[in-house]
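Visitor: Below is the sequence, then the predicted model.
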Amino acid sequence: MNILTGNDLKTGDVVWWTGSTWSRLVGDSVAVDGDGADILAGESAAQRVNAAYAVEADANGLPLHIKDRVRAAGPTVRLDLSASTPLFRL
Amino acid sequence: MYQYDKYDQTLVDQRVADFRDQVARRLAGEITEDQFKPLRLMNGLYLQLHAYMLRVAIPYGTLNSAQMHMLAHIARKYDRDYGHFTTRQNIQYNWIKLEECPDIIADLASVEMHAIQTSGNCIRNISSDQFAGAAADEVTDPRPWAELLRQWSTFHPEFSYLPRKFKIAVIASTEDRAAMRLHDIGLELVKKDGVLGARVFVGGGMGRTPMIAPEVNPFVTADDLLSYLEACLRVYNRYGRRDNIYKARIKILVHEIGVDAYRTQVEEEFAHVKTLGMDPPAAEFERIAAYFAPPAFDVGASDSVDLSDKAFAAWVKQNTFTHKQPGYAGVTISLKPIGGIPGDASSAQISVMAELAKAYSFDELRVTHAQNIVLPHVAKRDLKALYDALVAADLATANLDQITDIIACPGLDYCSLANARSIPVAQKIALRFADAERQADIGELKLKISGCINACGHHHAGHIGILGVDRKGVENYQLTLGGSGAEDASLGKIIGPGFDEDGIVDAVERAVEKYLAVREDGERFLDTYRRVGMEPFKEAVYV
């Protein structure tokens, strides 16, 4: 399944699509149909989030690829700086 | 050091006003990200893995204490209380908010700083020797020339949209402390029959196609230097490829047409450019050079240092540098605490370094391409007091140029281009080799780690280099041996199949143990590798 992520326009924070808005917590993300192209197009027009894209997620809704897992968890060398308590460790 | 005149300050202040307006329009939705992106990049603002990242220019790595304090202030007020000093002698902040960025660059402008020329296909921030003006082996101070190039290149109308980014380094000694030949243009200032000029090297670089710059001209007189560089850039701008980003750097052009053909083109262009009156009048150069006059050294200062404290003695031996002025030393503050993040410093540490520069180094600091900080002019009588203050700030690691003095790019922990993490590998290697006696026994060993082929961690130039790659979604690390960014520049060669994160640490250790087993008297790791070749190391690493 796929979930959507991007960076908040004002703050640059990593955000995840919840079905109606964006959250800083990956745990709030919801699966989207296909690659979420319609949502991405709508959100691009809304200009709230930059560089949004779909990522593959596991059954728990967590990203599969290491790059997106680092985005979700924060720098692995500074876990104190994560947006939220990391849901997992790499 | 150089101080802005009214033209410099006006340029920078105007840029702040322009960017404030551009950000406001972006936040109001009046311009799209596609329209805004090139504007923010021209002000050093990237969008990275976790947030916006601001890269601040530090021209030829030189700072005064007020500027260093400002860097600490920005870390405290706008970021998460730290900054990362880079291999381009700059600093970057990893957690910047777009809405606050105009205020940040306004703060920078208040101390004659900016974030221009830290991104985009322009001539980037000029780099130089961190010991410029202090080194006993320099033929002249390269900083006035670096400053002249800064003024020439900033907002240069012809060179703001080059085929690709362009990096220039200036040194003035035969010992290369700035990886000069791994730049698009490397200049080594030299004297010939008493006349100052430069050896000009063109077409070096790292990245996916690493090359050592060939010498294009063995001696360009100082009076012709700016015109000659203008010609070098014009030929590149005319013939450099714009159809393929991976073939767009000048190294590809020089390689493809050959250095002789490139030289011929440059000479033809130079004959024309020289008629344009581009080189500055002597009075203008002297105006610039006057800012770099030596500080008021104590001429009678003693060279004597009490080395009875063993830890202090080890630090003096490892982290100080021979100064041209008797009674003084250059000091390198290592930003490589064992197990720490290479190049990172907290706002408190940045402030401490600013204060120490003011107290002990005539208000001057330098950033090195190896991600350390230099206090260039410290009286030897002050070394112990300085050392004690550094110890208190956790800044006194005595490991300069040793195996734990690791260059590492931010890697996949921060960078959106990276394929693998660099920092955790650096931390594990540093911890593995933490023992000071073991490091001293190993001697000079430059270990450099990049998290992708763009090579910001200079792995091609590492005596031991590590390149992180993505192998089917899993981090993998290639080991290279034999690189050097110094005057004996060479590119490292891949030893064989890659390793996982723990495997690469073991592989490094086995390579080092092989070196210790086969080295001859006085040989560094690099010397032994060059003498015995790859095969013995390969046998040791792949046991």
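Guide: It's in. Numbering: from 1, shown residues only, chains lettered A, B, ... in the order given.

Visitor: And what about the residue of chain A found nearest chain B, helix, strand or coil?
Guide: Nearest to chain B, among the residues of chain A, is A:Gly12, at 3.7 Å (Cβ to the nearest Cβ). For the C-beta atoms, the positions are set from N, CA and C on the backbone; glycine is no exception. Classification of A:Gly12 by DSSP: H, G, I helix; E, B strand; the rest coil places it in coil.

Visitor: Might you report the residue contacts of the closest residue to B:Ala420 other than its chain neighbours?
Guide: Nearest non-adjacent residue to B:Ala420, counting by Cβ to Cβ, 6 or more residues apart in numbering or on different chains: B:Gly468, 2.7 Å away. Residues near B:Gly468 by Cβ atoms under 8 Å, 6 or more residues apart in numbering or on different chains: B:411-412, B:418-422, B:425, B:449-452, B:475-477.

Visitor: Please flag which of the residues you listed sit within strands.
Guide: B:Ile449, B:Ser450, B:Glu475, B:Asn476, B:Tyr477 (DSSP state E).

Visitor: from those, which is closest to chain A?
Guide: B:Glu475 (6.5 Å).

Visitor: In contact with the closest one, which residues are there?
Guide: A:Ile66, B:Leu412, B:Asn419, B:Ala420, B:Arg421, B:Gly468, B:Val469, B:Asp500, B:Glu501.

Visitor: Also B:Ala179?
Guide: Contacts of B:Ala179 by Cβ under 8 Å, 6+ apart are B:Ala169, B:His369, B:His458, B:Ala461, B:Gly485, B:Ala486, B:Ala489.

Visitor: Can you confirm whether the helix or strand hosting A:Val55 lies near chain B?
Guide: Using DSSP states H and E, A:Val55 sits within strand A:49-56. Yes - remark: strand A:49-56 sits within contact range of chain B at A:Asn50, A:Ala51, by Cβ under 8 Å from any Cβ of the partner chain.

Visitor: What is the helix or strand following that strand packed up against?
Guide: Per DSSP H and E, the first helix or strand lying C-terminal to strand A:49-56 is helix A:66-73. Applying 3 or more Cβ pairs under 8 Å, 6 or more residues apart in numbering or on different chains; DSSP states H and E, one finds that helix A:66-73 contacts strand A:2-8, strand A:14-17.

Visitor: Residue numbers of chain A in contact with chain B?
Guide: Close to chain B, as judged by Cβ under 8 Å from any Cβ, chain A has residues A:7, A:9-14, A:47, A:50-51, A:64-67, A:70-71, A:74-78, A:81, A:83.

Visitor: what separates stretch B:150-170 from the chain centre, distance-wise?
Guide: 17 Å (Cα atoms, centre = their mean, to the nearest Å).

Visitor: Just the buried positions in it, please.
Guide: For stretch B:150-170, burial by neighbour count (16 or more other Cβ atoms under 10 Å in any protein chain shown) applies to B:150-154, B:159, B:162-170.

Visitor: ok, now stretch A:38-58?
Guide: A:Ile39, A:Leu40, A:Glu43, A:Ser44, A:Gln47, A:Arg48, A:Val49, A:Asn50, A:Ala52, A:Ala54, A:Val55, A:Ala57.

Visitor: Let me have the residues you listed in JSON lines, extended by pLDDT.
Guide: Output for these, formatted as JSON lines (pLDDT from 0 to 100):
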{"residue": "A:Ile39", "pLDDT": "97"}
{"residue": "A:Leu40", "pLDDT": "96"}
{"residue": "A:Glu43", "pLDDT": "93"}
{"residue": "A:Ser44", "pLDDT": "90"}
{"residue": "A:Gln47", "pLDDT": "92"}
{"residue": "A:Arg48", "pLDDT": "94"}
{"residue": "A:Val49", "pLDDT": "96"}
{"residue": "A:Asn50", "pLDDT": "94"}
{"residue": "A:Ala52", "pLDDT": "96"}
{"residue": "A:Ala54", "pLDDT": "97"}
{"residue": "A:Val55", "pLDDT": "96"}
{"residue": "A:Ala57", "pLDDT": "96"}
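
Visitor: Out of the residues you listed, which two are the most distant from each other?
Guide: A:Gln47 and A:Ala57 (25.1 Å; Cβ to Cβ).

Visitor: Quick check: chain neighbours aside, which residue is closest to residue 48?
Guide: No chain was given, so I picked chain A. Using Cβ to Cβ, 6+ apart, the nearest residue to A:Arg48 is A:Leu9, at 5.8 Å.

Visitor: You answered for a different chain; I wanted chain B.
Guide: With Cβ to Cβ, 6+ apart, the residue lying closest to B:Gln48 is B:Ser416, at 5.2 Å.

Visitor: confidence score at the one you found?
Guide: Note for B:Ser416: predicted pLDDT of 95.

Visitor: Output the longest helix belonging to chain A.
Guide: Criterion DSSP state H: the longest helix present in chain A is helix A:37-46.

Visitor: Name the residue of the stretch 351-500 of chain B with the shortest distance to chain A.
Guide: B:Asp413 (4.1 Å).

Visitor: least trustworthy position among the contacts of B:Glu475, going by pLDDT?
Guide: The minimum pLDDT among these falls on A:Ile66, with 92.

Visitor: Look up how far B:His459 lies from it.
Guide: Distance, A:Ile66 to B:His459, using Cβ to Cβ, to the nearest Å: 20 Å.

Visitor: neighbour count winner among those two?
Guide: Between A:Ile66 and B:His459, counted using other Cβ atoms under 10 Å in any protein chain shown, the more crowded position is B:His459 (32 against 18).

Visitor: burial of residue 74, as a residue count?
Guide: All of this is about chain A. 21.

Visitor: wrong one, I was asking about chain B
Guide: The number of residues near B:Ile74, taken as other Cβ under 10 Å, comes to 25.

Visitor: which residues touch B:Ala420?
Guide: Shown in contact with B:Ala420 (Cβ under 8 Å, 6+ apart): B:Gly411, B:Leu412, B:Gly451, B:Cys452, B:Gly468, B:Val469, B:Asp470, B:Glu475, B:Asn476, B:Tyr477.
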